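Chemist: Turn this into a model:
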Amino acid sequence: MLEKIKSHSLCSVLSVVIFIGTIVFQMAVNGVFAAESSATNKQFVSQVSGSGKPVILIPGLMSDGRVWDKLISSLAKTYQVHTINIAGFARTPAIDNPSLSTLKQQLFAYITKHKLHKPAVIGHSLGGFMGFWLASNTPTAVGPIISVDGLPFVGPVFTRSNSTTVEDLAAQAEQIKNMYSNMSQQQLVDQSRYGLSIQASSDEAKAKVMSMVQTSEPKTVGQAIYTLMKHDLRQDIANITSPVLLLGASGGFSTDEQKTAMQILYKQQLQALPSASLQMNTHARHFIMLDDPKWFEKQVLTFLGKHL
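Modeler: Numbering: from 1, shown residues only. Below you'll find the predicted structure:
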């Protein structure tokens with residue numbers, strides 16, 4: 001059935017990966033603020049709002065906290081929300097040595113420094129991958145994981161087949177990294193517009209996504225995509241001991257057959273962690289929180305209420 005899905009060009013698929021992201025800044029709920037100091041090689045800054053059990057929000061590619069406004073307002077009534085803003089994405093200044101691997105290490109250090117007891121980790125796209133990665137490497141440090149349209153391995157997004165390996169995409173990964181390292185800001189914007197309809201439905205949501213793209217740094221984006229293509233966590237997630245919820249979006253596909261195939265593709269990525277739950281939204285596109293905020297918030301609050 002997977003083979004019946006219409007193949008996308010590399011550029012079109014790149015547009016999906018390009019938004020493998022979202023989360024951060026803009027927070028003053030209940031007047032509580034905290035920010036990590038900017039330092040050399042500091043991969044992120046954070047802001048804190050609310051009080052209660054900790055919840056960490058991790059962005060996707062080229063996104064910031066504007067996509068989480070509604071969720072943060074709800075969460076901060078009950079939880080202490082730590083919103084992460086990744087260097088080089090949206091309004092956060094780029095650094096010389098962007099690294100998702102270092103970001104993972106610094107997130108663990110952040111949890112330790114602030115004495116966060118098994119925080120819930122919610123990530124969109126790239127942020128979802130980071131949640132899987134963090135929980136796989138340090139399973140006792142984190143609590144419930146919610147991945148919002150982010151997978152343990154991005155490769156099948158390109159091929160529509162879970163038989164894809166890192167080796168299969170090695171050449172493409174290098175090409176993409178090199179392409180983005182030589183890309184101008186305007187070229188980044190133009191490239192991102194190519195698949196904007198895959199990301200969100202409404203004009204308002206699309207405008208919000210593009211406003212974040214316009215201030216993202218191309219080299220950082222390319223390095224992040226390269227890292228995603230070079231890391232396959234499908235077996236590593238077996239190390240995770242916390243509850244896991246994957247929220248998938250198939251609203252960008254036109255037929256029931258295609259949507260069913262995508263659900264199978266997502267489920268296959270969780271085979272090493274059979275306790276994980278998968279909920280597909282067949283109407284929303286990649287930015288689920290913008291396309292179907294009520295459904296999204298209900299899924300998040302119900303899961304946290306049960307497991308945090």
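
Chemist: could you check the distance from Phe296 over to Met210?
Modeler: The gap separating Phe296 from Met210 is 21 Å, by CB to CB, to the nearest Å. Every C-beta, even on glycine, is put in place using the N, C-alpha and C of the backbone.

Chemist: neighbour-wise, which of those two wins?
Modeler: Between Phe296 and Met210, counted using other CB atoms under 10 Å, the more crowded position is Phe296 (21 against 16).

Chemist: Surely that one touches Leu247?
Modeler: Yes. Phe296 lies in contact with Leu247 (CB atoms under 8 Å); the separation is 7.1 Å.

Chemist: Mutual contacts of those two, please.
Modeler: By CB atoms under 8 Å, 6 or more residues apart in numbering, Phe296 and Leu247 have these common neighbours: 148, 281, 288.

Chemist: Please identify the one among those that lies nearest to Asn137.
Modeler: Among these, Val148 lies closest to Asn137 (CB to CB), at 20.3 Å.

Chemist: Share the number of residues neighbouring the closest one, please.
Modeler: 33.

Chemist: Can you show me the helices along the chain?
Modeler: 10-18, 69-75, 100-113, 126-137, 155-159, 170-181, 185-194, 196-199, 203-213, 218-230, 256-269, 288-291, 293-307 (DSSP state H).

Chemist: Ok, which of those helices comes nearest Gln47?
Modeler: Between the helices of the chain, helix 69-75 lies closest to Gln47; by CB to CB that is 9.5 Å.

Chemist: Now do that closest one, average pLDDT.
Modeler: Helix 69-75 shows a mean pLDDT of 94.

Chemist: now do stretch 221-240
Modeler: Rounded mean pLDDT across stretch 221-240 is 98.

Chemist: can you give me how far it is from the chain middle?
Modeler: Averaging C-alpha positions (CA atoms, centre = their mean, to the nearest Å) puts stretch 221-240 12 Å from its chain's average.

Chemist: Kindly check the end-to-end length of it for me.
Modeler: Counting by CA to CA, to the nearest Å, you get 28 Å between the two ends of stretch 221-240.

Chemist: With stretch 114-127 instead?
Modeler: Terminal residues of stretch 114-127 lie 20 Å apart, using CA to CA.

Chemist: Quick one: residues contacting Ser307.
Modeler: Check again: residue 307 is His, not Ser. Per CB under 8 Å, 6+ apart, neighbours of His307: 120, 143-144, 242-243.

Chemist: If you count neighbours, what's buried in stretch 245-256?
Modeler: Buried positions in stretch 245-256, judged by neighbour count with 16 or more other CB atoms under 10 Å: 245-253.

Chemist: just checking, which of these belong to strands?
Modeler: Among these, DSSP state E puts 245-249 in strands.

Chemist: any chance of these in TSV, plus distance to Thr215 and pLDDT?
Modeler: Converted to TSV, those look like this (distance: CB to CB, whole Å; pLDDT from 0 to 100):
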residue	distance to Thr215	pLDDT
Leu245	31	98
Leu246	29	98
Leu247	27	98
Gly248	28	98
Ala249	25	97
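
Chemist: out of these, who's nearest Asp190?
Modeler: Ala249 (24.2 Å).
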